[in-house]
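**Student:** Structure of the sequence below:
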Amino acid sequence: MNIHDLDTPALLIDVNVLDRNLRKMAQYCNDHRLALRPHIKTHKMPEIARLQLQQGAAGITVAKLGEAEVMADAGIEDILIVYPLWGEKKWARLVDLASRVRVTVAVDSLAVAAGISQAAKTAGTEIGIRAEFDTGFRRCGWPIAASSMDEIQKIIALPGLRWDGILVYPGHIMGNQTIREQDIEREDETMDALFELLGSASIPYPVVSGGNTPAAFASHRFHGLTEIRPGTYVFNDRNTVDAESAEFANCALAVLVTVVSTSVSQRAIIDSGSKTLSADPLLSGDRLGYGYVLGHPEFKLEDLSEEHGHLTIPSGSKINIGDRLRVIPNHACTCINLHDRVFVVEGEHVVDEWKVAARGKVA
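**Tutor:** Here you go, the predicted model:
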């Protein structure tokens, strides 16, 4: 099938760019002796998870238990859940998952750890635990303080749990290269303080897991890291490009769209709005717009309705109803979660079709 045979909007993955992205990250981690445990929240597809494992990933990372169940059903055997799991129903699902695959969970409270411990003990299984610390993103994680060490020691003593080490998420390290240089220095100071506290409390930390996509290729500069969990690197997106962490040539994901209206002066409407591209704002660069039109930097995707993308067209530019364009979304992760399937392309040819199997698995 040719790309031109597809109805639009259609989500495309360039298989050659995807392969280059996977190989580049795998090689980097190998060169710097870092374990790679990619976050599958970006792609949500077992097909890509398998490719990552074939390239040497130590396992995968997921956000939600539902994503973990999809991946386990597909044969993925080593899964880290980086989300605080609360409640009897989730703990029951977690121990069922642990009976099938090696599973580890990030925790940032004694209450969650105790609930998981009781469920694991009752089921006669073991669940890995990593303590999450907040290094500046202020989302989840224990504060880096002596009081936190007391809770960690209590968790290590709980039955049914396997102590694996610690975990951080430097989601606050975004910006551009210059800003990240400063942020990494501050992050290292914070990590050094954490290591000192852990050492003083005689708490072992065989695994130190961190990393994100914008700073992924500087991960060797983060003090103490043994593992990284980037996600967006598989596709890249406009955020990644504007953060100076990739180029548009490294973007494997694009939405194929059609121009459906040119009635308004210096405006063209495409058949993809917030329900196709997602309405996530740009978090880097000039922070303007909702995507990048490949091959037409002069076209600005300035606004989105639910089903309409609003392109501003410079005077004198030629654009017609029926023209097809490719749009790089601001945020690949939220964009892909809006689609049931993706079309895998090589050049102008559609070579495969993959189901977004973990789409909508929010529980």
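
**Student:** Next one: the residue nearest the centre of the chain from residue 18, what distance?
**Tutor:** Here the mean C-alpha position of the chain is nearest to the C-alpha of residue 231 (CA atoms, centre = their mean), at a distance of 3.3 Å. From residue 231 across to residue 18, the span is 14 Å (CB to CB, to the nearest Å). Yep, even glycine has a C-beta here, placed from its N, CA and C like the rest.

**Student:** Same question for residue 186.
**Tutor:** Here residue 186 is placed at a distance of 33 Å from residue 18 (CB to CB).

**Student:** same deal with residue 38?
**Tutor:** From residue 38 over to residue 18 (counting by CB to CB), the distance is 12 Å.

**Student:** By residue count, which helix of the protein is the longest?
**Tutor:** Longest helix of the chain, by residue count under DSSP state H: helix 177-200.

**Student:** next structured bit after that helix?
**Tutor:** Using DSSP states H and E, the next helix or strand after helix 177-200 towards the C-terminus is strand 207-210.

**Student:** Now do that following strand: everything it contacts.
**Tutor:** 37, 80, 130, 164-170, 219, 222, 224-229 (CB atoms under 8 Å, 6 or more residues apart in numbering).

**Student:** So residue 301 sits against residue 308, correct?
**Tutor:** No: in this structure, residue 301 is not within contact of residue 308 by CB atoms under 8 Å, at 10.8 Å.

**Student:** which neighbours do these two share?
**Tutor:** residue 270.

**Student:** Need the phi and psi values for residue 22.
**Tutor:** Phi and psi for residue 22, reported as degrees, to the nearest 10, are phi -60, psi -40.

**Student:** Please, where are all the helices along the chain?
**Tutor:** All helices of the chain, identified by DSSP H, fall at 15-31, 46-54, 65-73, 88-98, 110-123, 146-156, 177-200, 238-242, 274-277, 332-336.

**Student:** which regions of this protein lie under the pLDDT threshold?
**Tutor:** For the chain, no stretch has pLDDT under 70.

**Student:** Check the gap between the most far-flung residue of it relative to its centre and residue 295 for me.
**Tutor:** If you look at how far each residue of the chain sits from its centre, by CA atoms, centre = their mean, the farthest one is residue 316, at 39.7 Å. Taking CB to CB as the measure, residue 316 falls 17 Å from residue 295.

**Student:** ditto for residue 157
**Tutor:** 60 Å.

**Student:** Pretty sure the residue nearest to the centre of the chain sits against residue 37.
**Tutor:** No: between residue 231 and residue 37 no contact is recorded; they are 10.3 Å apart, counting by CB under 8 Å.

**Student:** Now the common contact residues for these two.
**Tutor:** With CB under 8 Å, 6+ apart, residue 231 and residue 37 have common neighbours residue 61.

**Student:** Go through stretch 82-92 and flag the buried ones.
**Tutor:** For stretch 82-92, burial by neighbour count (16 or more other CB atoms under 10 Å) applies to 82, 83, 84, 85, 90, 91.
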